[in-house]
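K.L.:
Below are the sequence and a predicted model for it; my questions follow.
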Amino acid sequence: MTFEEVLIQKASERAQCTGQALEEVLLSAKANDYLTIGVYESAKIMNVDPDSVSFCVLAMDEDFECDIALQIHFTLIQAFCFDNDISIVRVNDIQRLSEIVGDKPEQFEDAHCVLITNPAEDSWEDPALEKLHLFCEESRSYNEWVPEITLPER
């Protein structure tokens, strides 16, 4: 096995582990009522209480390329996250993300942005969230500012 093959294999294993970690964190945050779902709802939270935001997930779909307003919102959300040291990732399966964060897949029309919040007075910690923060930090060291994660299939 060559060095390049090892790197590719480790990258695919890492992607699979981070996808599972993201699903775990989203389910745990949902159970603790620490999710904010939707671009506009997320923007409100970021404006009112930016210190409560722990993690941001942006979901792309086929409509993204055609929706200029959504692209502008994503750019502003990304800039806000960078300025406030909030870890941010991108997923390419909005349907799967909706299944995870909602009770029914069609429950959320706008699951393009999902925030994991953590009120300051509460000390909710999740090992999977720490793993995601480390993944984002490592990705930034490779100049990948908004890494893409593939969510595991059901």
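P.N.:
Here it is on my side, so go on.
K.L.:
Got phi/psi on the residue positioned nearest the centre of the chain?
P.N.:
Nearest to the mean C-alpha position of the chain, by C-alpha atoms, centre = their mean, lies Val57 at 2.2 Å. Per-residue torsions, Val57: phi -120, psi 120 (degrees, to the nearest 10).
K.L.:
and it, what are its bridge partners?
P.N.:
Per DSSP bridges, the residues bridged to Val57 are Val89, Val114.
K.L.:
what distance separates stretch 61-71 from the centre of its chain?
P.N.:
Centre-to-centre, stretch 61-71 and its host chain are 18 Å apart (C-alpha atoms, centre = their mean, to the nearest Å).
K.L.:
Quick check: the residue nearest to the centre of the chain vs Val39, distance?
P.N.:
12 Å (C-beta to C-beta, to the nearest Å). No exception for glycine: its C-beta is placed from N, CA and C like everyone else's.
K.L.:
Spit out the residues that contact the two alike.
P.N.:
Taking C-beta atoms under 8 Å, 6 or more residues apart in numbering as the contact rule, Val57 and Val39 both touch Cys113.
K.L.:
Cys81 belongs to a helix, doesn't it?
P.N.:
Yes - counting by DSSP: H, G, I helix; E, B strand; the rest coil, Cys81 is part of a helix.
K.L.:
How about it, nearest residue that isn't a chain neighbour?
P.N.:
The spatial neighbour of Cys81 that comes closest, neighbours along the chain excluded (C-beta to C-beta, 6 or more residues apart in numbering), is Ile88 at 4.3 Å.
K.L.:
what about that neighbour, neighbour count?
P.N.:
Using other C-beta atoms under 10 Å, Ile88 has 21 neighbouring residues.
K.L.:
I'd say it and Val146 touch.
P.N.:
Yes - Ile88 lies in contact with Val146 (C-beta atoms under 8 Å); the separation is 5.6 Å.
K.L.:
which neighbours do the two share?
P.N.:
58, 78.
K.L.:
show me where pLDDT drops low in this structure?
P.N.:
1-16, 104-109, 119-124 (pLDDT under 70).
K.L.:
go with 50
P.N.:
1, 3-9 (pLDDT under 50).
K.L.:
follow-up on the earlier one: give the contact list for the residue nearest to the centre of the chain.
P.N.:
22, 26, 88-91, 97, 113-116.
K.L.:
possible to save these as a markdown table with distance to Glu137?
P.N.:
Listed next are the contacts of Val57 as a markdown table, based on distance: C-beta to C-beta, whole Å:
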| residue | distance to Glu137 |
| --- | --- |
| Leu22 | 15 |
| Leu26 | 20 |
| Ile88 | 12 |
| Val89 | 12 |
| Arg90 | 16 |
| Val91 | 18 |
| Leu97 | 22 |
| Cys113 | 21 |
| Val114 | 20 |
| Leu115 | 19 |
| Ile116 | 16 |
